[in-house]
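> below is the structure, and that's it, no one-letter string:
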C-alpha cells in the first residue's frame, strides 16, 4: 500500500491545516520481530515543551469518524517517527510510567483547528494505547502495511468542564514498541457499521483509469465462511441485504480466486484501486483508495471489515404516511425535558429536536407536505430520551452528564398515542414507515347500472404490487377488500353508493 495515496484524505477534516507535530526522535526502521525502546518525558528537561494537538480524531482503520473524547484535553507531548519495512502488527508496553500518559499512533502528523470548540486536533489517528492496564502489559495497536508512522506520547489534562480544568501535568515513560509479522487479514481496514439487517448495500471498484473491471470482490463472514464473489466490480450484496454481524470484504486484482477461511490467491501486478460503498439515502458514498503491492503476500490483496448492526428494541408504528404527506411527531404532552431524534433505515442520524421553542422543554418534529420538507419513502426510527443526549450515527447516543431527565413520555402522531415511563439513561425507540406515494390514475370510469368502478394507473417501481383504498371524505382511506397485492395495472370492482353516494379512491404502491 502506498502511503502517499492517502494523504489527501486525511487532510479533508473540518478546519484548515494549521500545523504538524514536531518529531522529537527518529526511531529508524522497524521490521517484524523487531522492537524499539521509547523513552522520554514531556517536561522541559526532556526537550522543548510542545502542545500541538488537544485531542485526536480517527482515520482509515477505525469506525467512521471516531474521535477520542471530543471534550478531553491532551497537553505536552513527545513524538517518535519510525518506518515499517514490512507488513506488521504493532504492540506497546511500558516498564515505567509517571503521571497519566496516553499513546497515539498516527499515519501523518497533521493537526487542524476544530471550529466547533476552538481546539486543535490530530486528524490521522490510527490507534490509541492508554497504558492503563498495568506495567509490562501489551496493548495491540493494529496491523499496518509498510510505511512511515508516528507514535505520540501525550499527557492527559482532563476535560472541558469547569470542575476539570486542565492541569498540564507532565509525564515520564519507558516503553517498548514491538512489531510482529502480519497477514492480509491483520491489515484489514475497518469501514465501521454500514447498515441494518436486510438493507441494500452496494460495493464496487474502479481502477486508476476509471475501468470498473479492474478488481473483483469477495465477501466473508467473520468466521471465514465464504459467501459471494463478483467479477468486474459488479454488486456484491443482493437487495435483501445481510444479517446482523461482522463481515470481511476482500478486494483483489481480476483473475484472483477466493476460497474458504479467507484464502485468496492473488493475481495480477502492482497497481491502485478505489472501493466505493453506497449506503443510506442521506449520506455521501464511502470511498477508500488502496494499492496492490506484490512485494508482500499481505499487501497483494486488501481486506475491509464492516458491521451490519441490529437496531435497538423498538415499537413498530407501521406505515404512518405516504411520500409527500405531512407528518408530526409530538412529545409536547410529556412531563419531563425530552430530546428526540430520527434515524434512517441504515442507522444514519437524520434529524433531532431538543426544546420545541423557548420555554418549552418538550420536543416535536414536523415534516411538511411535498417538497424537501417531507420524509422520503422508507423505514425510519424515532427515539426519545431525557436531557442531555448527543445523537451519533448507527443508533448510538451519548449521555453527556452520566444521567438524563426522567418521567412519562407521550408520543402523539396521526391522531394516535404511545406512552411510557423512562428512568435516567433510558430511551424508547419506535420504527415507522413512509410508504410510496399515491399513484396517478391513467383512467377512471363508473358503470352506474352495474355499480362497478374501472381503474387503471401508471406503473410504479419495478416488480411492485398495488392496492386500492377508499374514502368517504377524501381524508381517511381504508383498503378495499379483495383489491390488495395486485400485479396488474388495472382492476374493476363493485361499489355500494346507497349510503355514501360520494366516494374517493386511491391506488397505492405496496
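Great, that's in hand. Values in this document were obtained by computation on a predicted structure and should not be read as measured data.
> use CA for all of it now, contacts and neighbours both
Noted.
> please tell me how far the closest residue to residue 218 other than its chain neighbours sits from residue 306.
Distances taken as C-alpha to C-alpha, 6 or more residues apart in numbering place residue 229 nearest to residue 218, at 4.3 Å, with adjacent residues excluded. Separation of residue 229 from residue 306 (C-alpha to C-alpha, to the nearest Å) stands at 16 Å.
> host element of the residue of the chain most remote from its centre?
Centroid-distance maximum for the chain: residue 449 at 59.7 Å, with C-alpha atoms, centre = their mean. Using DSSP states H and E, residue 449 sits within no helix or strand.
> please name the residues that touch it.
Residue 449 sits next to no residue when contact means C-alpha atoms under 8 Å, 6 or more residues apart in numbering.
> check what pLDDT it gets.
Per-residue confidence (pLDDT) for residue 449: 79.
> count residues in the vicinity of the closest residue to residue 321 other than its chain neighbours, would you?
Once flanking residues are discounted, residue 321 sits nearest to residue 434: 5.2 Å by C-alpha to C-alpha, 6+ apart. Applying other C-alpha atoms under 10 Å, we find 21 other residues in the vicinity of residue 434.
> residue 434 belongs to a strand?
Yes - judged by DSSP: H, G, I helix; E, B strand; the rest coil, residue 434 forms part of a strand.
> so it is in contact with residue 379, correct?
Yes - using C-alpha atoms under 8 Å, residue 434 is in contact with residue 379, at 6.5 Å.
> tell me the secondary structure for residue 298?
Per three-state DSSP, residue 298 ends up helix.
> hmm, it is touching residue 183, no?
Yes - with contact defined as C-alpha under 8 Å, residue 298 counts as touching residue 183 (4.9 Å).
> of those two, give the one with the bigger neighbour count.
Neighbours around residue 298 and residue 183, counted as other C-alpha under 10 Å, are more numerous at residue 298. The numbers are 24 against 18.
> and the more buried one, how far from residue 245?
From residue 298 to residue 245 the distance is 25 Å (C-alpha to C-alpha).
> same thing with residue 156?
For residue 156, the distance to residue 245 (C-alpha to C-alpha) stands at 35 Å.
> more neighbours, these two?
A direct count of neighbours by other C-alpha under 10 Å for residue 156 and residue 245 places residue 156 higher, at 26 against 15.
> surely the more buried one is in a strand?
Yes - counting by three-state DSSP, residue 156 is located in a strand.
> hmm, residue 75 and it touching each other?
Yes - under the contact definition of C-alpha under 8 Å, residue 156 touches residue 75, with a separation of 6.2 Å.
> and for the nearest residue to residue 253 once chain neighbours are set aside, the neighbour number?
Leaving out its chain neighbours, the residue that sits closest to residue 253 by C-alpha to C-alpha, 6+ apart is residue 215, at 4.4 Å. The local packing of residue 215 (other C-alpha under 10 Å) involves 26 other residues.
> please enumerate the strands of the stretch 401-510 of the chain.
407-413, 416-422, 427-435, 438-439, 441-447, 452-457, 466-471, 478-479, 490-494, 504-509 (DSSP state E, counting those that start in this stretch).
> those: which one's closest to residue 24?
If you check each of the strands of the stretch 401-510 of the chain against residue 24 by C-alpha to C-alpha, strand 427-435 wins as the nearest, at 47.4 Å.
> for residue 117, see how far away residue 409 is.
In terms of C-alpha to C-alpha, residue 409 sits 33 Å off from residue 117.
> comparing the two, which shows the higher neighbour count?
Set residue 409 next to residue 117 and count neighbours by other C-alpha under 10 Å: residue 409 wins out with 24 against 10.
> report how many residues lie close to the nearest residue to the more buried one once chain neighbours are set aside.
What sits nearest to residue 409 in space, not counting adjacent residues and going by C-alpha to C-alpha, 6+ apart, is residue 334, at 4.3 Å. For residue 334, the neighbour count with other C-alpha under 10 Å is 20.
> who touches residue 334 in this structure?
Contact analysis of residue 334 by C-alpha under 8 Å, 6+ apart lists 362, 407, 408, 409, 410, 411.
> columns pLDDT and distance to residue 375 on top of those residues, output as a markdown table?
Shown next, in a markdown table, are these (pLDDT from 0 to 100; distance: C-alpha to C-alpha, whole Å):
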| residue | pLDDT | distance to residue 375 |
| --- | --- | --- |
| 362 | 94 | 22 |
| 407 | 94 | 29 |
| 408 | 96 | 27 |
| 409 | 96 | 23 |
| 410 | 97 | 22 |
| 411 | 97 | 18 |
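> the residues you listed: which two are farthest apart?
407 and 411 (13.0 Å).
> so what's the gap between the host helix or strand of residue 103 and the chain middle?
In this assignment (DSSP H and E), residue 103 forms part of strand 101-106. Put simply, strand 101-106 sits 24 Å off its chain's centre (C-alpha atoms, centre = their mean, to the nearest Å).
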